[in-house]
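> okay, predicted coordinates and the sequence, questions at the end:
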Amino acid sequence: MNLIFDYDGTIHNSMKTYAPAFRSTMDWLVQNGFAEPKIYTDSEISYWLGFNSNDMWQSFMPDLDPKIREEARIRLGNDMAHRVENGEGALFDGAEKMLSDLKGKGYFLIFLSNCRKSYLERHRRVFALDRFFDSFYCCEEFGFIPKYEIFRKIAHKYSGGYIVIGDRFHDIETAVKNNLPSVGCGYGYGSPEELSAADIIVSSPIEIVSAVNILNRENRRLGKG
C-alpha cells in the first residue's frame with residue numbers, strides 16, 4: 001500500500017516559521033507603501049498554508065505589481081528558510097513516531113507537497129526525511145499543476161493501492177478526483193468543510209496509523225490493495 005503524504009500542516013508544524021515570516025514580509029510591504037497596515041491573525045495567515053506560493057500571492061494580493069509580488073514571495077520564502085536553518089522549525093508532536101510506525105509496517109511513503117524544490121530539499125535535509133519517505137515530489141517539478149493531476153502523472157510508477165493523507169482541500173481533492181481513500185488531518189490548517197469528504201478525520205498525527213490500517217483493510221476487502 002502506498003501512502004501519499006502532504007507535508008505542511010500534516011507533518012510539519014509550518015506556522016512556527018510561516019507566521020513570523022509572513023508578518024515580516026507584510027511589514028516590508030507596508031513600510032514601502034505597497035500595502036495598507038493590518039494586523040493578521042494566525043487563522044488568517046494559516047489559511048494560505050498548503051497553497052503553492054505562486055497561487056498564494058496571486059490570490060492574496062492580486063492587484064499588487066507583479067514584480068513587487070514576486071519580491072514579496074521571495075522574501076517570505078527566504079525568511080522561512082533562514083528560520084528553518086536556525087532551528088526554529090518543527091514537526092508536529094508524534095509525527096516522527098507515526099511515520100516510523102507506518103514505515104515499519106511495510107507501507108510505502110510518498111511525499112507530495114505544493115512546495116518548491118529548494119523548500120523540499122531543505123526540509124528533507126534538516127528533518128532527515130529520508131528516514132521515512134521512499135519518494136519525494138513537489139509541485140514545482142510539474143509546473144505547479146494541482147496535486148490531483150500530479151498524482152495521475154506518478155501513479156503508474158508504483159504497484160498496489162493508495163491512501164491520501166493531508167489537511168487541506170488540495171489533498172482531499174486528490175483523493176476524490178482519483179477515487180482514492182483519504183485521511184483528513186483535523187489538527188492541521190484546513191477547515192472542517194475542506195475535510196468533509198475524507199474517509200476518516202484524525203485529531204493528531206499518531207491517529208493516522210490506525211486510520212491507515214482501517215482503510216488498508218477495507219481496500220484489501222474490496223480487492224484494491
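Cool, the structure landed.
> once you drop chain neighbours, what's closest to Asn145?
Not Asn; residue 145 is Ile. Nearest residue to Ile145, sequence neighbours excluded (CB to CB, 6 or more residues apart in numbering): Cys139, at 6.9 Å. For glycine as for every other residue, the C-beta is placed from the backbone atoms N, C-alpha and C.
> next one: Tyr158
The nearest residue in space to Tyr158 (CB to CB, 6+ apart) is Asn2, at 5.0 Å.
> contacts for the helix or strand of the chain with the lowest mean pLDDT?
Lowest by mean pLDDT, DSSP states H and E among the helices and strands of the chain is helix 53-60, with a mean of 88. With contact meaning CB atoms under 8 Å, 6 or more residues apart in numbering, helix 53-60 is reached by 48, 51, 64, 69-70, 72-73, 76-77, 116, 144.
> hang on, the earlier thing: okay, and the beta partners of the residue nearest to Tyr158?
For Asn2, the beta-bridge partners are Phe108, Tyr162 (DSSP bridges).
> if we can go back for a sec, buried among the contacts of helix 53-60? Need that as a selection in ChimeraX.
Buried residues within those, by 16 or more other CB atoms under 10 Å, are selected in ChimeraX with:
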select :48,51,64,69,72,73,76,77,116
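> sort out for me which of the contacts of helix 53-60 are in strands.
Among the contacts of helix 53-60, DSSP state E puts none in strands.
> what is the helix ranked longest in the chain packed up against?
In the chain, with assignment by DSSP state H, the single longest helix is helix 66-85. Other helices and strands packing on helix 66-85, by 3 or more CB pairs under 8 Å, 6 or more residues apart in numbering; DSSP states H and E, are helix 15-31, helix 53-60, helix 117-126.
> quick check: the gap between Leu120 and His156.
22 Å (CB to CB, to the nearest Å).
> low pLDDT regions in the protein?
221-225 (pLDDT under 70).
> Three-state assignment for the residue lying farthest from the centre of it, please.
Relative to the centre of the chain, and counting by CA atoms, centre = their mean, the farthest-placed residue is Gly33 at 31.8 Å. Classification of Gly33 by DSSP: H, G, I helix; E, B strand; the rest coil places it in coil.
> state the distance from it to Lys67.
The separation that Gly33 has from Lys67, given CB to CB, amounts to 14 Å.
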